[in-house]
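Asks: quick one, structure for this:
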Amino acid sequence: MFVLLSISFVFIFFCSQEANKPLLKYPPINCAEIEETQGDSFKINAFGEWDRNFNAKGHEVEDPIYMGVLKCYCDI
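Replies: Coordinates of the predicted model:
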């Protein structure tokens, strides 16, 4: 019984980790604040974030790192 409970706990833990990945892709940010602090480099930083996270064919790299600049730029 203990073994089955342990296996189900591990299974539920890994499933919840996978389910949360899309939610954590973009960090919670204040776009107005990012725009204000980055000023003229806002557009350049958004394109830089795109270049860092997508390959030449437009597919997302294996471990992307989003800082939120790209999301804010796309929302504008």
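
Asks: what packs against the helix or strand where residue 35 lies?
Replies: Counting by DSSP states H and E, the element that carries residue 35 is helix 31-38. Identification of packing neighbours for helix 31-38 by 3 or more Cβ pairs under 8 Å, 6 or more residues apart in numbering; DSSP states H and E yields helix 42-53, helix 69-75. In this view, the C-beta of every residue, glycine as well, is placed from N, C-alpha and C.

Asks: can you put these in TSV and add mean neighbour count, mean pLDDT and distance to residue 26?
Replies: Output for those, formatted as TSV (neighbours: other Cβ atoms under 10 Å; pLDDT from 0 to 100; distance: least, Cβ to Cβ, whole Å):
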stretch	mean neighbour count	mean pLDDT	distance to residue 26
helix 42-53	15	89	11
helix 69-75	17	82	5
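
Asks: adding distance to residue 19, write the ones you listed out as TSV.
Replies: Putting the helices and strands packed on helix 31-38 into TSV (distance: least, Cβ to Cβ, whole Å) gives the following:
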stretch	distance to residue 19
helix 42-53	21
helix 69-75	20
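
Asks: nearest to residue 8, out of these?
Replies: Within the helices and strands packed on helix 31-38, the stretch nearest residue 8 is helix 42-53; the backing value is 35.1 Å (Cβ to Cβ).

Asks: just checking, what packs against the closest one?
Replies: Checked by 3+ Cβ pairs under 8 Å, 6+ apart, helix 42-53 has helix 31-38, helix 69-75 packed alongside it.

Asks: and for the last one, what's in contact with it?
Replies: Residues from elsewhere that reach helix 69-75 (Cβ atoms under 8 Å, 6 or more residues apart in numbering): 26, 29, 31, 34-35, 38, 42-43, 45-46, 48-50, 53.

Asks: so for residue 59, which of the helices and strands packed on helix 31-38 sits nearest?
Replies: helix 42-53 (10.1 Å).

Asks: do you know which of the helices and strands packed on helix 31-38 lies nearest residue 60?
Replies: helix 42-53 (6.1 Å).
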